[in-house]
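Q: Have a look at this fold, sequence not included:
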């Protein structure tokens, strides 16, 4: 905090040279001009793009789905942080599940948020973040599948787990000294089982959905011939009216030159006793991924269009799709949040982990100092922090 009482993040230019700030501010004029031209282009074409969307048959009124009772909801999110110290790394990950606003006819399932945590002192290795992130996501999936709610929201995309799990599985053989590697290997089959359950969503009383805040996907744009510099979510935010959604379409997948989907899951590093089961799960996951669908929904005028990924079993069932839509609409109850309430709350809770890591390190340092028989200064040197990494 400065002498005037301001926090460092409230004075963003404090440590920058004045000439650098002036140069960047001058260049923002060019950026503003480019953005203005883009906005004007969309505004001029908006009516034509809207008519094209209407004629495509991809537009659905939420009223056509019916009005099931407001469902109970929850959302999961996670974060990880690594404090790079002089002698070790302090690694922590947390997954949280938060209940949404409860419908008047329902009782709360949870009195407080549910969570899973991992924290360990790790040796200095570059691969710690990749493995730790996979542990975080695996615990998110386990929390999601254990939730008793009608609609369970995942912060992200349904393709993210296969990416993070693959990265971790490729790093684990060279990072067996990490405790987070052991944690991932011990629970890997359970993580994959939870992932498969989300992708299939076979239970009619539980709908799993993934909500991605940022996306460059263009499943709708490619069908309708939109310019490549306009992604679906940004364009449909302008084109959809309150209470409208798009017809669920197949999720866009990476493909090779011959058009084959290139997703893969390397389960080789998992332990022998669980490898056979992991291989079977991997095959089923790859198959289930190709049936995932996506639609966009605009609950209210004040919200951007929500990108919603669901299993084909949900998208093809009108009642289940209507349950998802009603759940989203009732959780977007205020203009102060640009996303459903449980996603917003889970996000805030998860982000707090990185801010808390220095406090955890301080407590650890104090406890070591109390029991160390040598020079206390050695402890403070060894546990001095140089760099922090965090993510979600």
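A: Good, I have the coordinates. These figures come from a predicted structure and were not determined experimentally. Numbers count the residues shown, from 1 in each chain.

Q: Excluding chain neighbours, what is closest to residue 301?
A: With Cβ to Cβ, 6 or more residues apart in numbering as the criterion, residue 301 has its nearest non-adjacent residue at 4.7 Å, and that residue is residue 242. Glycine gets a C-beta too; all of them are placed from N, C-alpha and C.

Q: State the distance from the one you found to residue 46.
A: 16 Å (Cβ to Cβ, to the nearest Å).

Q: And for residue 117?
A: Residue 117 is 47 Å from residue 46, by Cβ to Cβ.

Q: same thing with residue 220?
A: Separation of residue 220 from residue 46 (Cβ to Cβ): 15 Å.

Q: between these two, which one's more packed in?
A: Set residue 220 next to residue 46 and count neighbours by other Cβ atoms under 10 Å: residue 220 wins out with 23 against 13.

Q: Quick check: closest non-adjacent residue to the more buried one.
A: residue 232 (4.7 Å).

Q: Would you agree the one you found is in contact with residue 214?
A: No - the criterion here is Cβ atoms under 8 Å, and residue 232 misses it with residue 214 at 11.9 Å.

Q: Neighbour count: these two, which is higher?
A: Legend: neighbour count by other Cβ under 10 Å for residue 232 and residue 214, higher for residue 232 (25 against 9).

Q: check contacts around the more buried one.
A: 215, 217, 218, 219, 220, 221, 296, 307 (Cβ atoms under 8 Å, 6 or more residues apart in numbering).

Q: Among the residues you listed, which lie within helices?
A: Among the contacts of residue 232, the residues falling in helices (DSSP state H) are 219, 220, 221.

Q: Can you verify residue 97 is assigned to a strand?
A: Yes - counting by DSSP: H, G, I helix; E, B strand; the rest coil, residue 97 falls inside a strand.

Q: Please name the bridge partners of it.
A: Beta-bridge partners recorded for residue 97 (DSSP bridges): residue 76, residue 114.

Q: Begin at 47 from now on, thanks
A: With the count now opening at 47, the last piece we talked about shows up as residue 143.

Q: State the distance from it to residue 120.
A: Distance, residue 143 to residue 120, using Cβ to Cβ: 6 Å.

Q: Now for the two: what residues contact both?
A: With Cβ under 8 Å, 6+ apart as the test, residue 143 and residue 120 both reach 156, 193.

Q: burial measure for residue 296, as a count.
A: Counted by other Cβ under 10 Å, the residues lying close to residue 296 total 13.

Q: Mind pulling up the pLDDT for the residue nearest to it when sequence neighbours are not counted?
A: Closest residue to residue 296 apart from its sequence neighbours, by Cβ to Cβ, 6+ apart: residue 339 at 6.0 Å. Residue 339 is assigned a pLDDT of 93 by the prediction.

Q: how about residue 339, phi and psi?
A: phi -120, psi 170 (degrees, to the nearest 10).

Q: Surely it and residue 363 touch.
A: No - if you go by Cβ under 8 Å, residue 339 and residue 363 don't touch, sitting 11.7 Å apart.

Q: between these two, who's got more neighbours?
A: Neighbours around residue 339 and residue 363, counted as other Cβ under 10 Å, are more numerous at residue 339. The numbers are 21 against 14.

Q: Bridging across strands, which residues link to the residue nearest to residue 296?
A: Beta-bridge partners, per DSSP bridges, of residue 339: residue 296, residue 356.

Q: ok, it - contacts?
A: Residue 339 neighbours (Cβ under 8 Å, 6+ apart): 294, 295, 296, 297, 355, 356, 357, 358, 361.

Q: Please indicate which of these are buried?
A: 294, 295, 297, 355, 356, 357, 358, 361 (16 or more other Cβ atoms under 10 Å).

Q: what's the lowest-pLDDT member of these?
A: residue 297 (88).

Q: Low-confidence regions, the stretch 97-246 of the chain specifically.
A: The model of the stretch 97-246 of the chain has pLDDT under 70 over residues 131, 150-152.

Q: burial measure for residue 187, as a count.
A: Using other Cβ under 10 Å: residue 187 sits among 25 other residues.

Q: Residue 254 is in contact with that one, correct?
A: No - assessed by Cβ under 8 Å, residue 187 is found out of contact with residue 254, at 9.6 Å.

Q: Mind listing the shared neighbours of the two?
A: In contact with both residue 187 and residue 254: 200, 244, using Cβ under 8 Å, 6+ apart.

Q: so where do the strands sit in the stretch 97-246 of the chain?
A: Counting by DSSP state E, counting those that start in this stretch, the segments of the stretch 97-246 of the chain that form strands are 105-107, 119-131, 135-145, 160-168, 197-201.

Q: Now do the second one against strand 197-201, angle only.
A: Orientation of strand 119-131 against strand 197-201 (axes from the mean of the first three to the mean of the last three Cα atoms, to 10 degrees) gives an angle of 30 degrees.
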